[in-house]
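Chemist: okay, structure incoming, though there's no sequence with it:
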């Protein structure tokens, strides 16, 4: 699984919704590898950073994960709020309301994994 294949999944997250690192890992065909998603997103730079909606990926608790570079959490929150995603007083996103739910049924389960060539 290349970072570009992970980015292809992240690009599918619609505006105004969020996905968890674990959810992206599952859709990318690498279940239980949420950290790998984090590594891929932290490697974004230049033009890719503008075309991959990295800000829509959050942790399973519904919060923004801390970064090693100061300020990114505030930027991520601002970008999400600009898309209509709201936070509660504790800084959590209501996953029941804002979690991306790609439509996948049993007949299309094999297509969950996105291949980029």
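Modeler: Perfect, I can see it now. Predicted, not measured: the structure shown is a model, and the values here were computed from it.

Chemist: just checking, residue 37 touches residue 28?
Modeler: Yes - with contact defined as Cβ atoms under 8 Å, residue 37 reaches residue 28; the gap is 7.4 Å. Just so you know, the C-beta spots here come from the backbone N, C-alpha and C atoms, and that holds for glycine as well.

Chemist: kindly list the single helix or strand of the protein that scores lowest on mean pLDDT.
Modeler: Every helix and strand in the chain was compared by mean pLDDT, DSSP states H and E; the lowest is helix 47-51, with a mean of 76.

Chemist: what average pLDDT does the helix or strand following that one get?
Modeler: Of the helices and strands lying after helix 47-51 in sequence (DSSP states H and E), the nearest is strand 57-58. On average, the pLDDT along strand 57-58 is 98.

Chemist: give me the distance from strand 57-58 to the chain's centre.
Modeler: On the basis of Cα atoms, centre = their mean, to the nearest Å, strand 57-58 sits 4 Å off its chain's mean C-alpha point.

Chemist: repeat for stretch 12-28
Modeler: 4 Å.

Chemist: ok, stretch 25-38 next?
Modeler: With Cα atoms, centre = their mean, you get 10 Å for stretch 25-38.

Chemist: how about it: buried residues?
Modeler: Within stretch 25-38, the residues that qualify as buried are 25-30, 33-34, 36-38, counting by 16 or more other Cβ atoms under 10 Å.

Chemist: so which of those comes closest to residue 45?
Modeler: Residue 45 lies nearest to residue 38 out of the buried residues of stretch 25-38, by Cβ to Cβ, at 15.1 Å.
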